[in-house]
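[1] Sequence below, structure please.
(chains A and B)
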Amino acid sequence: MDLFDIIGPVMVGPSSSHTAGAARIGKITRMLLGSRPVRARIGLYGSFQKTYLGHGTDKALIGGLLGMGVDDSRLRDSLRLAAEAKLEYSFYNADVRGAHPNTVILDVDGDDGRHVCVQASSVGGGEIVVNAIDGLEAGFSGHENTLVITHHDTPGMIARISGELAAANLNIATMRVFRRSVGGDAMVALELDGSADAALIARLSALKGVYHVAYLAAKEE
Amino acid sequence: MRTIAEWLDAARQHGSLGAAALDWQARERGGDPSIPLALMRERLRVMRESAQAGLSPTLRSVSGMVGGQAALLAQAPFAGRFGLAGRAGVYALSIAEYNACMGKIVAAPTAGSCGILPGALLAAQEEAGFSDDELVMALFAAAAVGRVIALQATISGAEGGCQAECGTAAGMAAAALTQLYGGTPEAAAHACAFALMNMLGLVCDPVDGLVEVPCVYRNVGGVSQAISAAQLALSGVACPISLDEMILTMRDVGDAMPSSLRETGEGGCAACHACRRD
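    Next up, the predicted model:
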């Protein structure tokens, strides 16, 4: 914790958890999608469901999906801007047993046909946790530069991915690996000490068995 | 730097709490003090912008409960008669209302308590002519004590009640004002301790769970508490309880609070007939 966590963040109000955290979740979802969102079904749970209108949680989530940061004054007008950006959206009441009280599930389609389903929680002070992506357990905060790679579960996959990172002289701070079934869809979330460039992301995307690479740059979201 | 005692040692070397805090922040991030200085100047700029924007009489929150009331304070015929506290109250309310209306603010330490620290500093600048650089150093002093409170206790209303949010903000503002008006680092710590003492036990009871009622009015009350606390310390009154112990006491009181009074929207003002819609 540094002094700018105490005097800061600079954010659009009224609530760090219900507004700033929601905007971060929206923006991270857009980065995980990797394209321009055109359709979003958004399920709200717990306190998000009960108080979202008064806190502008809906505007913050949509603004985040449009690429706005927590300090972007356009968050207030994001529902109107969504119409201009041709983003269709709907909200519903979700029931996520045992989830954190500020939890949201976003089903989002991109303009390239890609779809992503993200479950995330706003855990206080603008901090968030991405709980699951496409039903696979995730559990990262987006605080560090994070690579999220979905791939086919085959032997050597993790070695090939970490080999590319080593070749780029990038240190892995944390790594989490999840899979739906043996030999099925799998996902690895890597928090990096440094930052990944476009060339590395392209090399990772080209690896045999990799479906998709999303890069969440901490300073951008 | 986890205790006020450590910060006071550092302040003795650097001349003030603010200078010690700037030096610490710079060293945490590679050593160049011009970077944190520029960041804090930018924070001050956003604070000033939000204080002005919140004065609009047409501002309304989504629920309609607040907005436009800072304009009433600013335009009241007797607005000038309340001195520093009066001016600070206007800005504290305007920033808190601007936050409730989805305006851009600086959390200090939280969004719900964002009016207190800038309200105190901007009003002091108008009353006494302090420079922006002096305000920036006062913000560093405030951040140093706020960080200790966050580490040793909590700055979350859901964990510690409003004393943890508006109480901490008032403590930070009291320390900042004391430094600004020429008090020693020890006096700044006494001021912060007085503010925490006088706001001890304040509950977090937002109506409908929104950051509106009583939050925006607590910002006005909080800035007065900060000014009173700074007045005590600058006059040479020492708080009989050290700031380090006061912070732990605030934590203990927060732990003893029932959950209905910790941001659940179930008790306190939130449970009043006047505020219930069911």
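
[2] any idea how far B:Gly54 is from A:His115?
    41 Å (Cβ to Cβ, to the nearest Å). Placement of C-beta: from N, CA and C, glycine included.

[3] got it, and B:Cys275?
    23 Å.

[4] The residue of chain B found nearest chain A: helix or strand, and which one exactly?
    Going by Cβ to the nearest Cβ, chain A is nearest to B:Asn99 of chain B, at 3.3 Å. Assessed by DSSP states H and E, B:Asn99 sits inside helix B:83-100.

[5] And the average pLDDT for that helix is what?
    For helix B:83-100, mean pLDDT is 98.

[6] That helix: which residues count as buried?
    Buried residues in helix B:83-100, counted by 16 or more other Cβ atoms under 10 Å in any protein chain shown: B:84-100.

[7] More neighbours: which of B:Cys275 and B:Gly54?
    Just comparing B:Cys275 and B:Gly54: by other Cβ atoms under 10 Å in any protein chain shown the higher neighbour count belongs to B:Gly54, 30 against 17.

[8] which residues touch the more buried one?
    B:70, B:91, B:93-98, B:101, B:103 (Cβ atoms under 8 Å, 6 or more residues apart in numbering or on different chains).

[9] do A:Ser205 as well
    A:212-213.

[10] what's the answer for B:Gly171, then?
    B:145-146, B:149, B:191-193, B:195-196, B:199, B:226, B:229.

[11] Look at it and give its secondary structure.
    helix (DSSP: H, G, I helix; E, B strand; the rest coil).

[12] low-scoring pLDDT stretches of chain A, where are they?
    A:219-221 (pLDDT under 70).

[13] for chain B, what are the nearby residues on it?
    A:1-16, A:19-20, A:47, A:50-51, A:53-56, A:59, A:71, A:73, A:75-76, A:124-126 (Cβ under 8 Å from any Cβ of the partner chain).

[14] how does it look with 7 Å?
    A:1-4, A:6-16, A:47, A:50-51, A:53-56, A:71, A:73, A:75-76, A:124-125 (Cβ under 7 Å from any Cβ of the partner chain).

[15] Which entries within those residues meet the buried criterion?
    A:3-4, A:6-16, A:47, A:50-51, A:54-56, A:71, A:75-76, A:124-125.

[16] Let's see which of the residues you listed end up in helices.
    A:3-4, A:6, A:47, A:50-51, A:54-55 (DSSP state H).

[17] Excluding sequence neighbours, find me the nearest residue to A:Gly209.
    Distances taken as Cβ to Cβ, 6 or more residues apart in numbering or on different chains place A:His152 nearest to A:Gly209, at 4.2 Å, with adjacent residues excluded.

[18] quick one: the residue nearest to B:Cys166 when sequence neighbours are not counted from B:Cys275, how far?
    Leaving aside its chain neighbours, B:Cys166 sits nearest to B:Gly222 (4.2 Å; criterion: Cβ to Cβ, 6+ apart). Distance from B:Gly222 to B:Cys275, counting by Cβ to Cβ: 20 Å.

[19] In this structure the residue nearest to B:Cys166 contacts B:Ile116, no?
    Yes. Taking Cβ atoms under 7 Å as the definition, B:Gly222 is a contact partner of B:Ile116 at 4.3 Å.

[20] where do the contact lists of the two overlap?
    B:92, B:166, B:169-170 (Cβ atoms under 7 Å, 6 or more residues apart in numbering or on different chains).

[21] Now whichever strand or helix holds A:Gly63 - C-alpha only, CSV.
    Assigned by DSSP H and E, A:Gly63 belongs to helix A:57-65. The C-alpha atoms that make up helix A:57-65 are tabulated as CSV, following Å, rounded to 0.1, in the frame of the first residue of the first chain:
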residue,chain,number,x,y,z
THR,A,57,-23.1,0.2,-11.1
ASP,A,58,-24.9,-0.3,-14.5
LYS,A,59,-23.3,2.8,-16.0
ALA,A,60,-19.9,1.8,-14.6
LEU,A,61,-20.1,-1.8,-16.0
ILE,A,62,-21.2,-0.6,-19.4
GLY,A,63,-18.6,2.2,-19.4
GLY,A,64,-15.9,-0.3,-18.6
LEU,A,65,-17.1,-2.5,-21.5
